[in-house]
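Participant: build me a structure from this.
(one chain, ligands or ions: 1)
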Amino acid sequence: MPRTTIPLQGRSHDAVLEDMGSFRSHDADYKNGRTWSLVYYTGEEHTDFLKKAHNLYFSENGLNPMAFKSLKRMESEVVQMAAGMMNAPDTAVGTMTSGGTESLLMAVKAARDRARKTKPWIRRPNMVVPKTIHVAFDKAAHYFDVKPIYVDVGPDYRADVKAMEKAINRNTILIAASAPQYVHVTIDPIEELGRIAEKKKIPFHVDGCFGGFMLPWLEKLGHTLPLWDFRVPGVTSISADLHKYGYASKGASVVVYRDMSYLKHQFFISTNWPGGIYASPSMPGTRPGGPIAAAWATMQALGESGYIELAKKALDTTKKLRAGIEAIPQLKLLGEFHMTAITWAASRDDISVFAIADMMAERGWGADRQQGPESVHLTVNANNWDAVDTYLADLAECAAHVESHPELAKEGEAAMYGMMAKVPIRGLVSHSVGKVMEAMYSPDGAQPDLTKMGQGDDDGMVMKLIGKYGDQAMDVLDKLNAMRPGGRA
Ligand SMILES: Cc1ncc(COP(=O)(O)O)c(C=O)c1O
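Facilitator: Coordinates of the predicted model:
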C-alpha cells in the first residue's frame with residue numbers, strides 16, 4: 001500500500017469530517033448497549049455536556065499550573081472529591097493522571113522512590129501482588145525495574161492473604177490488591193491485607209481503577225461489600241478511574257495517597273536542564289486540559305444523586321444478566337457478586353467459551369475473551385439494560401449450539417484464542433503476539449486478520465502451528481496440558 005502523505009493542499013473541513021465518519025463504520029457500536037467494555041456511555045445528553053466542558057479547555061495545558069490556575073484548581077478539586085468519596089482522611093493528596101495504567105505506574109514509582117529514601121539498603125525492590133492484579137503492574141515492573149512477586153489466588157479468585165504475607169521479604173517496597181480485580185470482578189480481602197501492610201510497615205495500594213467510582217454508590221444502595229477504601233488503616237493509596245464509572249471523558253483517572261509522605265515520591269524534579277527548572281507531578285509533560293475539565297464538570301453535574309441513579313440501573317442490569325446466565329446450563333458465573341460486571345465461563349471443560357464468544361461476536365455482541373480460566377468479561381452499565389433480553393436469548397442459543405458442535409473450538413478466532421491460552425511455553429505466545437503487533441504497526445499499519453495469521457513467512461511459532469496443523473496442533477496441546485501436574489485438557 002502506498003504511504004499516506006500530508007495532502008499538498010488542505011482539504012475542506014466537510015470532506016475531512018465525512019472521511020472520519022466513514023472510518024467508524026467498522027468500529028464497536030457502543031451506543032446500542034451491545035459493547036460490554038471500553039466505553040462507559042450514559043446517553044447523548046451527558047455526552048454533549050462532556051464535549052462542551054472538554055472543549056472549554058481544549059487548548060489549555062496543565063504542564064504549567066501557574067499559567068493555567070483554573071486547571072490546577074479543577075485537578076485539586078477532583079482529587080478532593082474523589083478522596084472524600086473513598087473516605088480518605090483530611091491529609092489525603094493526589095494527582096489526576098491520563099488513566100488507570102498511569103495511576104498504577106505512579107503508585108509503583110512513588111513506592112519505589114520512597115523506599116530508596118527510607119530503606120536505602122534495598123538493591124532489588126519487589127512488590128507482592130495477587131496474580132489477578134491488573135497487567136499494568138507488570139508494565140510498571142518492566143518500566144521501573146521493580147520485581148513483581150505474583151501470588152496465587154484462592155479458589156474464589158480472591159488474594160490469598162497468608163500466601164501474600166509469606167511472599168513479603170525485606171526487599172518488598174509495596175503490596176497491592178484490587179477493588180475489584182477486572183478478570184473475575186471480585187474484591188480482594190483488603191482489610192486483612194491492610195493489617196499485614198500495617199504490621200510490616202509497607203505501603204499498600206488498592207487498585208480501584210475499575211471499581212473506585214462504582215463501589216461507593218453500590219454501598220449506599222445497600223449492596224453487600226467488604227471494606228476496600230481508606231477506612232482500612234493499612235491502605236496508603238488508591239487509584240480510581242474517572243474515564244470508567246466516573247463517566248468523564250477519556251484520559252482521566254486519580255491516584256490518591258493517604259498523605260504527602262507518599263505522594264512526594266511520585267513527583268519528578270529536574271534542576272539542571274538548560275531550559276530551566278522542570279517539575280512534573282506524573283508521567284506526561286504536556287497535560288491536556290480537556291480531560292481534567294470534563295472530569296470536574298462530570299462530578300459537579302452528576303453529583304452523588306446522579307452517580308447513584310446510574311449505579312442503580314447498572315446494578316439492576318447486572319442482576320438480570322446474572323440470573324439469566326445462571327439459567328443457561330452450559331454456562332456458569334465466576335467470582336463474587338461485588339460489582340456491576342460479570343465473568344461467565346463454561347460449566348463443563350468440553351464446551352468452548354471462545355467458540356461461544358465467536359458466535360456472539362458474529363451476532364454483533366462485544367466479547368471480551370479472557371484466558372485464566374477461559375471466560376468472557378462484561379462490564380455492565382445502565383445503557384446495557386435494553387439489550388439484556390436479546391443478549392441472554394442469543395447467549396443461550398450460541399451456548400447450546402457450541403455444546404453440540406465441539407469442532408467449533410478449532411475454527412475461526414476461537415482456535416487462535418484457544419491455542420494462545422493453552423501453549424505452555426509462554427515465550428512462544430509472546431513472540432507470536434509480538435508479530436501481530438509488528439504487523440499492526442508496520443509502515444502501512446494494516447489491521448491483521450487473526451484467523452489468517454500463520455500464513456505469512458514470519459508470523460511466529462504459535463500462529464504457524466495453527467496455520468499448518470490446525471486441529472491437530474490443538475489436540476497435541478490439549479494432551480500436553482493434560483500431562484502437566486494439575487493440568488487439564
Ligand atoms: C482493575 C483495573 N486496573 C487498571 C486498569 C487500567 O486502566 P486503563 O485502561 O485506563 O489504563 C483497568 C482497566 O480496565 C482495570 O480494570
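Participant: what's in contact with the helix or strand encompassing Met106?
Facilitator: According to DSSP states H and E, Met106 maps onto helix 100-118. The contact list for helix 100-118, computed with Cβ atoms under 8 Å, 6 or more residues apart in numbering, reads 95, 97, 122, 125, 127, 134, 136-137, 139-141, 143-144, 146, 173-174, 176, 203, 205, 207, 209-210, 237, 239-241, 244, 253-255, 257, 261-263, 265-266, 282-283. (Glycine included, C-beta is placed from N, CA and C.)
Participant: same thing with stretch 20-40?
Facilitator: Here stretch 20-40 has contacts from 41, 243-245, 247, 364-368, 377-381, 383-387, 391, using Cβ under 8 Å, 6+ apart.
Participant: hmm, 6 Å instead?
Facilitator: Contact partners of stretch 20-40, identified using Cβ atoms under 6 Å, 6 or more residues apart in numbering, comprise 41, 244, 247, 364-366, 368, 378-379, 381, 383-384, 386-387.
Participant: closest to Arg195 out of these?
Facilitator: Arg195 has its nearest neighbour among these in Lys244, at 28.6 Å by Cβ to Cβ.
Participant: quick check: closest non-adjacent residue to the closest one.
Facilitator: The shortest distance from Lys244 to any non-neighbouring residue, by Cβ to Cβ, 6 or more residues apart in numbering, is to Tyr40 (5.6 Å).
Participant: now which of the contacts of stretch 20-40 would you call buried?
Facilitator: With neighbours counted by 16 or more other Cβ atoms under 10 Å, the contacts of stretch 20-40 contain buried members at Tyr41, Lys244, Tyr247, Trp365, Gly366, Asp368, Leu378, Thr379, Asn381, Asn383, Asn384, Ala387.
Participant: which of the contacts of stretch 20-40 sit farthest apart?
Facilitator: Of all pairs drawn from those, the greatest distance, 24.3 Å, lies between Tyr247 and Gly364 (Cβ to Cβ).
Participant: show me where pLDDT drops low in the chain?
Facilitator: 449-489 (pLDDT under 70).
Participant: kindly report the residues of this structure close to the ligand.
Facilitator: 99-101, 104, 134, 136, 178, 181-182, 207, 209-210, 241 (Cβ under 6 Å from any ligand atom).
Participant: in the sheet, who's paired with the closest residue to the ligand within the stretch 351-489 of the chain?
Facilitator: Relative to the ligand, the nearest point of the stretch 351-489 of the chain is Thr379 (8.1 Å; Cβ to the nearest ligand atom). Per DSSP bridges, the residues bridged to Thr379 are Ala341.
Participant: roughly how far does Pro65 sit from the ligand?
Facilitator: 23 Å (Cβ to the nearest ligand atom, to the nearest Å).
Participant: and that residue, how many neighbours?
Facilitator: As a burial measure, Pro65 scores 17 neighbours (other Cβ atoms under 10 Å).
Participant: try Arg116
Facilitator: 13.
Participant: next one: it relative to the ligand, how far apart?
Facilitator: Computed as Cβ to the nearest ligand atom, the Arg116 to the ligand distance reads 25 Å.
Participant: nearest to the ligand, of the residues of the chain next to the ligand?
Facilitator: Of all the residues of the chain next to the ligand, the ligand sits closest to Gly100, with 2.3 Å by Cβ to the nearest ligand atom.
Participant: the closest one: neighbour count?
Facilitator: 24.
Participant: same deal with Ser280?
Facilitator: Neighbours of Ser280 under the rule other Cβ under 10 Å: 18.
Participant: from what I can see it touches Phe268, true?
Facilitator: Yes: counting by Cβ atoms under 6 Å, Phe268 is a contact partner of Ser280 at 4.9 Å.
Participant: what comes up buried for the longest helix along the chain?
Facilitator: Looking across the chain with DSSP state H, the single longest helix is helix 289-326. Judged by neighbour count (16+ other Cβ under 10 Å), helix 289-326 contains these buried residues: 289-299, 302, 306-308, 310-318, 320-321, 324-325.
Participant: and the host helix or strand of Val429, what other elements does it pack with?
Facilitator: Assigned by DSSP H and E, Val429 belongs to helix 426-440. Using 3 or more Cβ pairs under 6 Å, 6 or more residues apart in numbering; DSSP states H and E, the elements in contact with helix 426-440 are helix 461-483.
Participant: contact partners for Val161?
Facilitator: Pro189, Glu192.
Participant: so it versus Gly211, what's the distance?
Facilitator: Distance, Val161 to Gly211, using Cβ to Cβ, to the nearest Å: 19 Å.
Participant: same question, Met86
Facilitator: 10 Å.
Participant: which one's more surrounded, the two?
Facilitator: Each of Met86 and Gly211 has its neighbours counted (other Cβ under 10 Å); Gly211 has more, 29 against 24.
Participant: including distance to Tyr150, could the contacts of stretch 20-40 go into CSV?
Facilitator: Formatted as CSV, these follow (distance: Cβ to Cβ, whole Å):
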residue, distance to Tyr150
Tyr41, 34
Lys244, 24
Tyr247, 32
Gly364, 36
Trp365, 32
Gly366, 28
Asp368, 22
Leu378, 25
Thr379, 24
Asn381, 31
Asn383, 35
Asn384, 32
Asp386, 40
Ala387, 36
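Participant: closest one of those residues to Ser430?
Facilitator: Comparing the contacts of stretch 20-40 against Ser430 with Cβ to Cβ places Asp368 closest, at 20.6 Å.
Participant: that closest one reaches His377, doesn't it?
Facilitator: Yes: using Cβ under 6 Å, Asp368 is in contact with His377, at 4.3 Å.
Participant: the strands in the stretch 151-300 of the chain, which residues?
Facilitator: Using DSSP state E, counting those that start in this stretch, the strands of the stretch 151-300 of the chain run over residues 172-178, 204-208, 237-241, 253-257, 268-270, 278-280.
Participant: among the ones you listed, which is nearest Pro373?
Facilitator: Distance to Pro373, taken as Cβ to Cβ, is lowest for strand 172-178 among the strands of the stretch 151-300 of the chain, at 17.7 Å.
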